[in-house]
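# Turn this into a structure:
(chains A and B)
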Number of protein chains: 2
Amino acid sequence: MLELAFQADRTSAEPVYRQLEAYLQGLVEAGRLGPGEKLPATRELAAALGLARNTVAQAYDALCSDGLLVAHVGQGTFVAARGSGASQTPARSGARGFAWEGLVARRVRRIPVAEALEANPMLRDPAYDFRAGGVDLDTAPESELRRAFSRALARHGRALAAHRDPLGWPPLREAIARGLVARGIACDRGEVAVVSGAQQALDLVARTLVDPGDAVAMEQPGYFAAHWAFAAAGAHLVGVPVDADGLDTDRLARVLRSRRVKLVYTTPAVQCPTGVVLAEARRAALLELADEHELPVVEDDYDSELRCGGPAIPALKTRDPAGQVIYVGTFSKALLPALRIGYVVAPAALLTRLATVRIACDFATNPIAQAALAELLEAGDLERHVRRVRKLYAARLRALDAALAESMPEGTRWTLPAGGNALWLRLPAAADPAGAWRAVLDAGIAASRGDLFHFDGGGRDALQLGVANMDEPRIAEGARKLGAIVTRAARRGSRAA
Amino acid sequence: MLELAFQADRTSAEPVYRQLEAYLQGLVEAGRLGPGEKLPATRELAAALGLARNTVAQAYDALCSDGLLVAHVGQGTFVAARGSGASQTPARSGARGFAWEGLVARRVRRIPVAEALEANPMLRDPAYDFRAGGVDLDTAPESELRRAFSRALARHGRALAAHRDPLGWPPLREAIARGLVARGIACDRGEVAVVSGAQQALDLVARTLVDPGDAVAMEQPGYFAAHWAFAAAGAHLVGVPVDADGLDTDRLARVLRSRRVKLVYTTPAVQCPTGVVLAEARRAALLELADEHELPVVEDDYDSELRCGGPAIPALKTRDPAGQVIYVGTFSKALLPALRIGYVVAPAALLTRLATVRIACDFATNPIAQAALAELLEAGDLERHVRRVRKLYAARLRALDAALAESMPEGTRWTLPAGGNALWLRLPAAADPAGAWRAVLDAGIAASRGDLFHFDGGGRDALQLGVANMDEPRIAEGARKLGAIVTRAARRGSRAA
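Below you'll find the model as predicted:
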């Protein structure tokens, strides 16, 4: 086994895995680790260096995504062939190392994906998996999906092969339009565009409406990937605060008086990430502001199907006489992100422009997946599934809430969300956020730190805790571990003060 | 039946269907055709007005995509509910007609999709379907696809549900990398990114590298949708002529001496649309220029699998020591566009940036479709299929070539392409392109006019003729009709001169 003289600097602000990553990178660049050379298993190296196995795994992962290492399932991790240029055969592409970095477009540097991943490292096999954004995989309707794909191909094989409408497979557009009537939204299929997930909906809306430098107002904290989509289009993001009643429309009004804003983005049903509902008075105020300023409103209704408890609240889109609300829906939360299907409801005048952008992007969403989803909807499988997971997530959120109530120190703030499968928690003021976060990662607890949902660097004192990946006992156990960590951090803080 | 007093102006440069479209739009806007009112069937209206049925169908289609009409399969065509605002209930979104047009981003106006569709109207049920870009649907491997989807979901259901790597499903990346070795490209899966079709590859490359105003050099005539992707990113397109040896590298050299160019886009295997092969000396010259100017080269190898006859020609990517060739491949041409799967081969340093853009766009390609394709590749179904369709298209191209040789007048120029399923033809100088094109459309012949492949308005004297949608006898018949039209146009032109 390779002799590694790595020494972690525990006093540094830089996480240990980044230190190890830099060390290993140095060895590769110096040629001390040659192309094709096998690295020690994470377990071995962790033991040899006195580190957590996760720390080593994170460093390996980072180097793999940088292309310096290559992981082969079941075989181990190796130095990538192109790691050390000199030893390559000339025929191999990339051996000489073309300087790509200098050529990257400015817009790319505005999309803080790398920063988000750095702040929220992907733990491999976390002990407690509180990551949000996914669904419970044990209840994923696998056999229904298999049947739906098989029926779609059997019934529509040739039509699917020929299909190329950028706005979607007609039966799915129809089914989505029908489903929306139940939510109070009157539309025909001509106002529905099928897209490859809500993320593409946001990207297409951004590219269709936002010129570089245009201001986009959005909730802060707010959905990080909406931020990325608008930033990629060159938008200047203007944050509007969120309180217990959702987006603060008084603050929005002040913003709108002081500057031209191209559109406003909001998640009124279950605010992302805080889980609050946009209050009725605020809804009315938002629509009035939109009318007054001729402002399009993007209503991201990503998980309204998963609202639990409380009266049904009609979407903003249900009272939109001028057609200026762009309604975004998705099947990723209620069903499965892997389907990669979402939709936009908007007037045909806008959809025509959106279709132009769509064609330039990627022509159309996979029609086979669209037809399978249409089969699933027709069979009523989605409704059954939603009823099931809504109960499941609500019970898990209650379990999380109860365990947090037991174990979190005074001053920790959270509310049970109006729906979905994640909860937003703020550390007590006394706790040092950086220290608490390091302790969270070191305990193998995967969660999202709150700055992911801020574009001004704020939110480091908040955590988003998802409940899709663990059962109730495990959630409670994880919450208690978290509670202990936060309690220690708060005590240390109080002593220091 | 509604009384329609439409009179076509045959002397106008505006196509009759556009005239009819404007007339009907006027009726709707004036309220003479009310919301929900049913329009006459195309056949009836065509008979009543003495027009070709296609002309009526085109006008209806245009009004449907404008949202003024709505077509319901099996029921007919109706005036859309929002067509006449006043009669709506206030609850209906969009009734008041928000002014979207003024809000559309500048970049959208640079994507000439609408112009392309206007120049190349979609004929409904054309008599002869020479449209290109698709595949023969009778040979589409439907049962293999059904099996592949079913196996993928059965074998990997849970892993697929959990998958979210923006660069693709690992077994598919692996299979693509293996397949490329057979084409002389040495890469590992870390250098392969799966994308939703070649169009997304081009869009992602454009968004990753092109800042607004950057110059992009591409073949002219060249692939129209590449033009759209680069235009959408704000590129300034610089056309480089194409002759029998492909992209003219001397002209490219001159361009590069006179201005900074961000990247060059080329289709060296089977030039789109001319079908010529980039000659060996030109390949060497292109790579030298790329080296000298530190210029990324996008090699769009969209249908090299369908090359017929002639020695195999290694991709540019096979001699790319610095890794500055971005290789784009797709399964749309060799297999099926409906799969919406393509790929990019590039150094990991670039793919990391591409992944950032990808996440902001739409996170990832449908993993179920990716896994199904991996199953299909593993089963050897693609290879078998390619052998079959390569022969099929080659025979059809020969049949087209022979029929054109019989029936086209002197001065018409075309060459049998090096592969694929379309042929590029230039009218004789004597023929008036506009008159010939009108006659082509009036005869119900669907094809693409050459200006689709130019971004300077040129190419109106050229046609792209695809052979995927008809069998050999039908192709020959269509070619003879075309020959008669072009012969008449050339005779009229000679007499006029």
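
# Pull the number of nearby residues for A:Glu142.
Using other Cβ atoms under 10 Å in any protein chain shown, the number of residues around A:Glu142 comes to 17. Every residue, glycine included, has its C-beta placed from N, CA and C.

# Next: A:Ile445.
22.

# Apart from its chain neighbours, what residue comes closest to it?
Excluding its sequence neighbours, the residue lying closest to A:Ile445 (Cβ to Cβ, 6 or more residues apart in numbering or on different chains) is A:Tyr128, at 4.6 Å.

# Which residue ranges of the stretch 301-450 of chain A form helices?
With DSSP state H, counting those that start in this stretch, the ranges of helices along the stretch 301-450 of chain A come out as A:348-362, A:367-378, A:381-407, A:433-442.

# Tell me who's in contact with the residue nearest to A:Ser12 when sequence neighbours are not counted.
Distances taken as Cβ to Cβ, 6+ apart place A:Gln19 nearest to A:Ser12, at 6.7 Å, with adjacent residues excluded. A:Gln19 sits next to A:6, A:8-9, A:12 when contact means Cβ atoms under 8 Å, 6 or more residues apart in numbering or on different chains.

# what do you get for A:Asn120?
A:448-449, A:452.

# One more: A:Glu294?
With contact taken as Cβ under 8 Å, 6+ apart, A:Glu294 is in contact with A:324, B:98-99.

# what's the nearest residue to the residue positioned nearest the centre of chain A if we skip its chain neighbours?
In chain A, the C-alpha closest to the average C-alpha coordinate belongs to A:Gly133, at a distance of 5.3 Å (Cα atoms, centre = their mean). Once flanking residues are discounted, A:Gly133 sits nearest to A:Gly466: 6.9 Å by Cβ to Cβ, 6+ apart.

# Any idea what the one you found is bridged to?
A:Ala422 (DSSP bridges).

# how much space between it and B:Arg260?
47 Å (Cβ to Cβ, to the nearest Å).

# out of those two, which sits in the busier spot?
The residue with more neighbours, out of A:Gly466 and B:Arg260, is A:Gly466; 26 against 9, by other Cβ under 10 Å.

# Just to check, that one is in contact with A:Pro417?
No - with contact taken as Cβ atoms under 8 Å, A:Gly466 and A:Pro417 are classed as non-touching, separated by 10.7 Å.

# that older thread, residues contacting the residue nearest to A:Ile445?
Contacts for A:Tyr128 (Cβ under 8 Å, 6+ apart) come out as A:443-446, A:470, A:474, A:477-478, A:481-482.

# ok, now with 7 Å
Taking Cβ atoms under 7 Å, 6 or more residues apart in numbering or on different chains as the criterion, A:Tyr128 is in contact with A:444-446, A:470, A:478, A:481.

# Can you report phi and psi for it?
With angles defined as degrees, to the nearest 10, A:Tyr128 shows backbone torsions of phi -130, psi 120.

# tell me which residues of the top strand by length along chain A are tucked away?
Within chain A, and with DSSP state E defining each element, the longest strand by residue count is strand A:236-243. Buried residues in strand A:236-243, counted by 16 or more other Cβ atoms under 10 Å in any protein chain shown: A:236-240, A:242.

# from the residues you listed, which two are the most distant?
With Cβ to Cβ as the measure, no two of the buried residues of strand A:236-243 lie farther apart than A:His236 and A:Val242, at 19.4 Å.

# ok so, going back, just the buried ones among the contacts of A:Glu294, please.
Buried members of the contacts of A:Glu294, counted by 16+ other Cβ under 10 Å: A:324, B:98.

# In a markdown table: the contacts of A:Glu294, plus distance to B:Val255 and pLDDT.
Formatted as a markdown table, the entries for these read as follows, by distance: Cβ to Cβ, whole Å; pLDDT from 0 to 100:
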| residue | distance to B:Val255 | pLDDT |
| --- | --- | --- |
| A:Gln324 | 45 | 95 |
| B:Phe98 | 44 | 90 |
| B:Ala99 | 41 | 89 |
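
# What spatial separation is found between the residue nearest to A:Gly133 and A:Asp136?
For A:Gly466 relative to A:Asp136 (Cβ to Cβ), the value is 10 Å.

# try A:Leu45
Taking Cβ to Cβ as the measure, A:Leu45 and A:Asp136 are separated by 34 Å.

# Looking at those two, which one has more neighbours?
When A:Leu45 and A:Asp136 are compared on other Cβ under 10 Å, the one with more neighbours turns out to be A:Leu45, at 24 against 18.

# and whichever strand or helix holds A:Leu204 with helix A:348-362, angle?
Assigned by DSSP states H and E, A:Leu204 belongs to helix A:198-209. Going by axes from the mean of the first three to the mean of the last three Cα atoms, to 10 degrees, helix A:198-209 is angled at 110 degrees with respect to helix A:348-362.

# Report whether helix A:198-209 contacts chain B.
Yes - legend: contact between helix A:198-209 and chain B by Cβ under 7 Å from any Cβ of the partner chain is shown at A:199-200, A:203, A:207-209.

# and what of stretch A:306-316?
No - for a cut-off given as Cβ under 7 Å from any Cβ, stretch A:306-316 has no contacts with chain B; the smallest distance is 9.9 Å.

# buried residues in that stretch?
Within stretch A:306-316, judged by 16+ other Cβ under 10 Å, the buried ones are A:306-308, A:313, A:315-316.

# could the contacts of A:Gln19 go into TSV alongside pLDDT, secondary structure and distance to A:Ala431?
Converted to TSV, those look like this (pLDDT from 0 to 100; DSSP: H, G, I helix; E, B strand; the rest coil; distance: Cβ to Cβ, whole Å):
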residue	pLDDT	secondary structure	distance to A:Ala431
A:Phe6	80	coil	30
A:Ala8	79	coil	24
A:Asp9	74	coil	23
A:Ser12	71	coil	21
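
# circling back to that earlier point, could you tell me which of the contacts of A:Glu294 belong to strands?
Checking the contacts of A:Glu294 against strands, none of them qualifies (DSSP E).

# And A:Pro90, what's its pLDDT?
A:Pro90 is assigned 33 on the pLDDT scale.

# Actually, A:Arg438.
What the model reports as pLDDT for A:Arg438 is 94.

# any weak-confidence spans in chain A?
Counting by pLDDT under 70, chain A shows low-confidence ranges at A:1-3, A:11, A:13, A:30-31, A:65, A:72-75, A:81-92, A:95.

# what's the domain layout of it?
As given by automatic domain parsing, the domain ranges for chain A are A:16-103, A:124-133+A:384-496, A:164-377.
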